[in-house]
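> sequence and predicted structure, then a few things I'm wondering about:
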6 protein chains.
Amino acid sequence: MTIYVINPNSSEHVTDGIDDAIAPMREVSPVPISCLTLKEGPPGIETQAHVDGVVGPLLELAGSLQGDASAFVVACFSDPGLAALREAHSVPVLGIAESAYLQAMMLGQRFGILSLGRTSIQRHIRYLGVLGIRDRLAADLPLGLGVLDLADADRTIARLAEVGGTLRDQFGADVLITGCAGMAQYRTLLEEKTGLPVVDPCQAATAAAIGQLALRTCA
Amino acid sequence: MTIYVINPNSSEHVTDGIDDAIAPMREVSPVPISCLTLKEGPPGIETQAHVDGVVGPLLELAGSLQGDASAFVVACFSDPGLAALREAHSVPVLGIAESAYLQAMMLGQRFGILSLGRTSIQRHIRYLGVLGIRDRLAADLPLGLGVLDLADADRTIARLAEVGGTLRDQFGADVLITGCAGMAQYRTLLEEKTGLPVVDPCQAATAAAIGQLALRTCA
Amino acid sequence: MTIYVINPNSSEHVTDGIDDAIAPMREVSPVPISCLTLKEGPPGIETQAHVDGVVGPLLELAGSLQGDASAFVVACFSDPGLAALREAHSVPVLGIAESAYLQAMMLGQRFGILSLGRTSIQRHIRYLGVLGIRDRLAADLPLGLGVLDLADADRTIARLAEVGGTLRDQFGADVLITGCAGMAQYRTLLEEKTGLPVVDPCQAATAAAIGQLALRTCA
Amino acid sequence: MTIYVINPNSSEHVTDGIDDAIAPMREVSPVPISCLTLKEGPPGIETQAHVDGVVGPLLELAGSLQGDASAFVVACFSDPGLAALREAHSVPVLGIAESAYLQAMMLGQRFGILSLGRTSIQRHIRYLGVLGIRDRLAADLPLGLGVLDLADADRTIARLAEVGGTLRDQFGADVLITGCAGMAQYRTLLEEKTGLPVVDPCQAATAAAIGQLALRTCA
Amino acid sequence: MTIYVINPNSSEHVTDGIDDAIAPMREVSPVPISCLTLKEGPPGIETQAHVDGVVGPLLELAGSLQGDASAFVVACFSDPGLAALREAHSVPVLGIAESAYLQAMMLGQRFGILSLGRTSIQRHIRYLGVLGIRDRLAADLPLGLGVLDLADADRTIARLAEVGGTLRDQFGADVLITGCAGMAQYRTLLEEKTGLPVVDPCQAATAAAIGQLALRTCA
Amino acid sequence: MTIYVINPNSSEHVTDGIDDAIAPMREVSPVPISCLTLKEGPPGIETQAHVDGVVGPLLELAGSLQGDASAFVVACFSDPGLAALREAHSVPVLGIAESAYLQAMMLGQRFGILSLGRTSIQRHIRYLGVLGIRDRLAADLPLGLGVLDLADADRTIARLAEVGGTLRDQFGADVLITGCAGMAQYRTLLEEKTGLPVVDPCQAATAAAIGQLALRTCA
């Protein structure tokens, strides 16, 4: 049995980054953790059409893994297909956005979200409404970076620190969430720069999957 | 130019019912209103997988109509594809659930929803969270009927009246919404039985589309 | 039968501006649209006493038009008398604030309001509470302009662009509402300056009235 | 200087009932308390037109008392004219609904409201939205009684006890509010029947006025 | 290193029940799990004074375990001392109520709580306000049972099934939480009777602790 | 009989400041007002452990005063022990934070809080969630001052005016609350500097206690 972490975009290097981010958890996980790429996905999930479009292929991929899967993690901050996957599978299905929010709610009173660009923010706001937790949001601010810009470490760190400081000082955030699957390598540094705990969504969801497996032993 | 009302399930008789429901509006609409069936859709939209699954075909159908469309109405109470269609099109795109809620908010303070079965209710609740209007919900109660049961007029009317009365008396609803594309023929009767205004979602959305066309004259 | 748009202040030039704003809709309206001035109103509605004080005269004027009216639009952003008019009349009664909010909710996730001065803002906040839609508000900011200042186009445009930009960049607004009956002539320009859709309340309400007339054909 | 408790309906016997209800407070009030009837008011305030219609006369009456008034209490559960009076006067202005809600919020976590009839309930709900405290409402239920029925003590007590029990057992209320200016004489009995604290709005507001006078000594 | 599950009441048999409830998780936990009794606690935590009173002893006990603790779980549904423990300790501190709520939010849209008696319910409501998740509550209903009554399996099961059914049918709950540390043995049976997933708070928190330990491997 | 205002920290000079703040109310209070210091308290209440730790001594002190007390006021802006004291005593128990919030809700639509430092703010936010009034909060901003800094009048006034202006201009506050028991001497000056009403929590709670005594005459 395996925890499958599925990157719903088709970029292998994103999957590799996710694998790096969650690798340390393998030592305590009761089952292997395998990171997969959804080959049918777009290179990056940027529009609502992308979000809706990967649901079908995600359902198919999950279906093909059904006998082997202890849990599924959907590794895109828009949580595509989460509700549909839960309808179809009895094993735990985790979304990295939902998991990040629930994790942040244990670490602080109001979380700030650092999003790559402006377009995804209203999607996040809508989803916080689904989850009924808008009260816990300090603010969601854009970094003004594209996915490719994340390779430029200096620029990324500078922007993360600046926007993180704004979330803390102007909006009262006491915990931060990086609103994208690909920023795990900057997590510790952002914690140092802001003095706040920082949640990486892929790590939060994979840890939550391990917790769910523990819970299922009581079933 | 035409207002296209698209039934995202593949049941022609549902499309026919929608056409009957909105037919009187043709006399005042500045453009023709055409009701279409999404042939790629399932016979009925009952699961989250159905909701997500029709988005792609909906986008394709709307794309093929682009030059001719004054507005699109998505005629399923889960508003599938609404956000994606709005991203892709500059003409007004109306969802029948959103339109029904906004209409009900002008007719009363707390709306009650009459849903066919229990499974769709949590989907509605999630969507009300997206819209940020959960405060306006009195309650959403199941009729315990399937789509096919709607053909049995006596039984349907009896259940509508009973559940409508419960929404009014126990939950304080002062306006009702039939939470399904196929109950327009019972609207007037339900108003009489309960003494409350009743919103049919397809009618509300088509009327809203006509309003949007009026508004666009000022652009 | 006629849609009556009633300006509840006594300034004819405001009524003229409203008439200009909604004029293009006459080509698609199934009935004539007539803009009236409430002669008993104050020159401008600036205080709560003004808001409450025009309700009686509004009820009288509407009563005198009853046989001829297809719908009433109350053209003041405080929606004076809306509840009382709805109690008294079975035809649709639209308030320009409520209509602007509902329209904005279809165009974006969080609306920003541009108010003339600070005093009206808390009134807006209270009303958003009545409507149960405070979650959809990005922010409501004052332009620091009086009604007469609106005649100075350069200054007005400069302030609209500046405050609109603040609503977009600091508060996350993705749609704007001009919180006053007299700014329609700046709507298109504000859209260009900010890149966001802008709702003029009088246009939104008149369009909604046309939609309501369409809906009534199904009654 | 005097605390003026103004009954905005024209029924003297209602004013007499209010006077009886607040009489014991005279022994601790630092100033006299005088209960007045608004002669221009309707016999009872039942519609939104009534609510809006008494604002002008209320403003006039308060204006005529201005030099003598330590505080004003508006003794109608729709709090007519509260915002306008506060704009016009620097002395404390208390509404009996707002005061009852704030009092109840100190006595329990969720308050239940016992309203005479169904028509006033949506007005209450709207006002709770203005105040931003809908979360504290357990439910607002109709007694199905008219103002005149309150003279029938047995029937009134029976209904109060029944509806109070429903608010406690089905809706989780741990404090009750009688949603009308004329039920003070039943307050103690309702407390006994339900085991819950019961707030009479006129008493709550008059007590709050005395508190406000104390606070003003620090100005 | 050890996960310490601390029962803040002094009843050893409650601690034993908790130990039974979480025992199956030991097979997958990366560290031992030890259940402790707070000897200074009252036999049961029933009042707010009890809740506040155990915080000091809890802080002392946790302090004495500091070097050995991987995580702390506070095993009382009022989450006593949670904020204070988190201030004092850098290891994860889990409350069983918070954990149960976050777990339930992944299993359904609206959770129902089955509380022993009425007195604890308002405490729960207040806490849901702290967490900002009142929107996710279907209802919190009393079983009308004391802690000792839980030993009577037939009566307990009958009440659980009855109240669980009410939460599902009248209040729309699609997931249930047993609002007490001592009902784990009835969890599976309640799932069968209601057809809904049921969360046991001690199990949810202990599983969450295991998830937190996994997450800490990435620090 | 006496109103006891209890300072739950052990600093006599804080108690003296509270006594000065409420002294003018003695002329209208029907009973004496006595300000006491909780000798068992810490010099200042800065952490959650402090908040929880004073509850036991507070309950003891209040218990020892029981026969003489007309009402209790807990004079710390974290309202420690409020729920426990209300369980134990039938006389009114007022918290200065709750009282300040309810007072501010009558003076404006959105209150701004001026807190000494950042650490207490999340505690306030949590408490506003308990009270269900987060909608009424404009913002809660830190002054960046310690309790001892309050002795430096120039610096304190400068910071109060600056932060008060930010609350008014950037966050829309129309009433301010000083979020600490020791700033009463600056209240009037802050009103002048900002043009907004300012609520001192100790004054608000003591006034509310006088109001409660008035209300109890009707019991």
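The structure has been received and is ready for your questions.

> okay, domains of chain A per the record?
A:2-95+A:203-216, A:98-200 (automatic domain parsing).

> and chain A, which residues reach chain E?
Residues of chain A lying near chain E by C-beta under 8 Å from any C-beta of the partner chain: A:21-22, A:24-25, A:27-30, A:92, A:94, A:98, A:102-103, A:105-106, A:131-133, A:135-136, A:184, A:187-188, A:200, A:203-204, A:206-215, A:217-219. Bear in mind the C-beta positions are built from the backbone N, C-alpha and C, glycine included.

> could you redo the last one with a cut-off of 6 Å?
By C-beta under 6 Å from any C-beta of the partner chain, the part of chain A that sits against chain E consists of A:24-25, A:28, A:30, A:102, A:132, A:135-136, A:203, A:207-208, A:210-211, A:214-215, A:217-218.

> quick one: buried ones out of those?
Among the residues of chain A next to chain E, those classed as buried by 16 or more other C-beta atoms under 10 Å in any protein chain shown are A:25, A:28, A:30, A:102, A:132, A:135-136, A:203, A:207-208, A:210-211, A:214-215, A:217-218.

> quick revisit: from the residues of chain A next to chain E, which land in helices?
Judged by DSSP state H, helices contain the following of the residues of chain A next to chain E: A:102, A:203, A:207, A:208, A:210, A:211, A:214, A:215.

> how about these, which pair is most distant?
A:203 and A:215 (18.7 Å; C-beta to C-beta).

> quick check, pLDDT for whatever residue of chain A ends up closest to chain F.
Nearest residue of chain A to chain F: residue A:109, at 4.0 Å (C-beta to the nearest C-beta). Model confidence at residue A:109, expressed as pLDDT, equals 97.

> gap between the nearest residue to residue A:139 once chain neighbours are set aside and residue F:167?
Excluding the flanking residues, the one nearest residue A:139 by C-beta to C-beta, 6 or more residues apart in numbering or on different chains is residue A:171, at 4.0 Å. The gap separating residue A:171 from residue F:167 is 14 Å, by C-beta to C-beta, to the nearest Å.

> so between those two, which is more surrounded?
residue F:167 (26 against 16; other C-beta atoms under 10 Å in any protein chain shown).

> what helix or strand is that one on?
Per DSSP states H and E, residue F:167 falls inside helix F:153-169.

> report the buried residues of that helix.
Buried-residue list, helix F:153-169, by 16+ other C-beta under 10 Å: F:156, F:159, F:160, F:161, F:163, F:164, F:165, F:166, F:167, F:168.

> run through the residues that contact the second one.
For residue F:159, the contacting residues are residue F:143, by C-beta atoms under 6 Å, 6 or more residues apart in numbering or on different chains.

> among the residues of chain A next to chain E, which are within reach of chain F?
Counting by C-beta under 6 Å from any C-beta, the subset of those that neighbours chain F is empty.

> give me the pLDDT value at the residue of chain A found nearest chain C.
With C-beta to the nearest C-beta, the shortest gap between chain A and chain C falls at residue A:122, namely 4.0 Å. Reading off the confidence values, residue A:122 has pLDDT 94.

> what is the neighbour count of it?
Neighbours around residue A:122, by other C-beta under 10 Å: 17.

> which outside residues touch stretch A:106-123?
A:78, A:104, A:136, A:138-140, A:142-143, A:145, A:163, A:167, A:172-180, A:197, C:109, C:174, F:122, F:125.

> residue A:85 contacts residue A:93, correct?
Yes: if you go by C-beta atoms under 6 Å, residue A:85 and residue A:93 touch, sitting 4.5 Å apart.

> circling back to that earlier point, so which strand or helix has the residue of chain A closest to chain C?
Here residue A:122 is assigned to helix A:121-131, by DSSP H and E.

> so for the helix or strand just after that helix, mean pLDDT?
Next along the chain after helix A:121-131, taking DSSP H and E as the criterion, comes strand A:137-142. Mean pLDDT, computed over strand A:137-142, is 97.

> how about residues contacting strand A:137-142?
With C-beta under 6 Å, 6+ apart as the contact definition, strand A:137-142 has outside contacts at A:110, A:112-113, A:115, A:117-118, A:121, A:124, A:128, A:163, A:167, A:171-173.

> which residues are in contact with the residue in chain A that chain D sits nearest to?
Proximity of chain A to chain D (C-beta to the nearest C-beta) peaks at residue A:135, 10.5 Å away. Shown in contact with residue A:135 (C-beta under 6 Å, 6+ apart): residue E:132.
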